[in-house]
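Enquirer: pasting the sequence and the predicted model now:
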Amino acid sequence: MERLSTSLRILTEQLEVQETRQAQRAKVEAQRAYAHSLWVLRTIVVLGLLAGVGATLWLIRSVVVRTKEYSSFATRVAAGELNTKARPRGHDELTDLGWP
């Protein structure tokens, strides 16, 4: 009976060591997958922010500059310069506003 108990204890300890190693490997793999997912998420966020900033700058450059030009034109006309002309450019509603 004692031999059986000793054998079972040894087998249990071996099984515990194997399961501990397997758990450690699974933990390392999970940490690696988490780090990769975090890197992908950060990359997507940075690319999204860059795209947003780029789109904002593009809109500012294309809309604000033309709006200021049309405002300047309107100011000149209001001041009495009736022979001044607007030079609309672009292909959108703002350009339509610039045509007489």
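Expert: Nice, thanks for sending it over. Numbering: from 1, shown residues only.

Enquirer: Ser5 and Tyr70, how far apart?
Expert: 95 Å (CB to CB, to the nearest Å). (Glycine included, C-beta is placed from N, CA and C.)

Enquirer: Ser37 - how many residues pack around it?
Expert: Ser37 has 10 neighbouring residues, counting by other CB atoms under 10 Å.

Enquirer: same question, Val63
Expert: For Val63, the count of nearby residues is 13 (other CB under 10 Å).

Enquirer: next one: the one 4 residues further on
Expert: The burial metric for Thr67, expressed as a neighbour count using other CB under 10 Å, is 13.

Enquirer: which ones are touching it?
Expert: Leu94 (CB atoms under 8 Å, 6 or more residues apart in numbering).

Enquirer: more neighbours: which of Ser5 and Tyr70?
Expert: Tyr70 (17 against 9).

Enquirer: list the buried residues for the helix or strand containing that one?
Expert: Counting by DSSP states H and E, the element that carries Tyr70 is helix 65-78. The neighbour-count check on helix 65-78 (16 or more other CB atoms under 10 Å) flags 66, 70, 73 as buried.

Enquirer: ok, the first one to Gly90 distance?
Expert: The gap separating Arg66 from Gly90 is 6 Å, by CB to CB.

Enquirer: quick one: the helix ranked longest in the chain to chain centroid distance?
Expert: What stands out as the longest helix in the chain, according to DSSP state H, is helix 2-59. A distance of 24 Å separates the centroid of the chain from that of helix 2-59, by CA atoms, centre = their mean, to the nearest Å.
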